[in-house]
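Chemist: Here's a sequence, model it:
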Amino acid sequence: MNESPILLHVWSVHPEEETGLVERLGKMIGHVTDDPGFVSARILASADRTSVAALIEMTSVEDRQRLEQLPEVRETLDTVRGAYNVVLRLYHEVEAYGKAVARP
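Modeler: Numbering: from 1, shown residues only. Below you'll find the predicted structure:
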């Protein structure tokens, strides 16, 4: 399987827990936005508030692997794994679409 520079986690939650999970993920993402390999991040929630996804795109597979080892990221993912029902699936990139972004 090809590895991707994208970190994707999906959680199944009770609606009353959705806000807390989104806040935890937002705080975690706030720690990584200054990383030189950071490209973008999104937190997605289902309309019925029973599913939350976090998607973080890094410049390279190596940057994504390093991101997963950062204390703030590791601690958050380990903590929410125990508090929420994690929907774990492995994905590989099949297609990618987007505008080219010039890097300084």
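
Chemist: Check which helix or strand His9 maps to.
Modeler: strand 6-12 (DSSP states H and E).

Chemist: Sheet partners, orientation included, of that strand?
Modeler: If you go by DSSP bridges, strand 6-12 pairs up with strand 51-58 (antiparallel), strand 85-87 (antiparallel).

Chemist: So what does the nearest residue to Asp48 once chain neighbours are set aside have for phi and psi?
Modeler: Nearest in space to Asp48, with sequence neighbours left out and distances taken as CB to CB, 6 or more residues apart in numbering, is Pro15 at 7.0 Å. C-beta here means a position set from N, CA and C on the backbone, and glycine is covered the same way. Torsion angles at Pro15 (phi, psi; degrees, to the nearest 10) stand at phi -50, psi -40.

Chemist: who touches Pro15 in this structure?
Modeler: Going by CB atoms under 8 Å, 6 or more residues apart in numbering, Pro15 touches Asp48, Arg49, Thr50.

Chemist: repeat for Glu95
Modeler: Counting by CB under 8 Å, 6+ apart, Glu95 has no contacts.

Chemist: Tell me how far it lies from Ser4.
Modeler: 12 Å (CB to CB, to the nearest Å).

Chemist: Can you give the distance of the lengthiest helix in the chain from its chain's centre?
Modeler: Criterion DSSP state H: the longest helix present in the chain is helix 18-32. Mean-position distance between helix 18-32 and its chain equals 10 Å (CA atoms, centre = their mean, to the nearest Å).

Chemist: Averaged pLDDT, the next helix or strand after that helix. What do you get?
Modeler: Counting by DSSP H and E, the next helix or strand C-terminal to helix 18-32 is strand 38-45. The average pLDDT for strand 38-45 rounds to 95.

Chemist: Which residues are in contact with the closest residue in space to Glu3 that isn't next to it in sequence?
Modeler: Nearest in space to Glu3, with sequence neighbours left out and distances taken as CB to CB, 6+ apart, is Val61 at 4.6 Å. Counting by CB under 8 Å, 6+ apart, Val61 touches Glu3, Ser4, Pro5.
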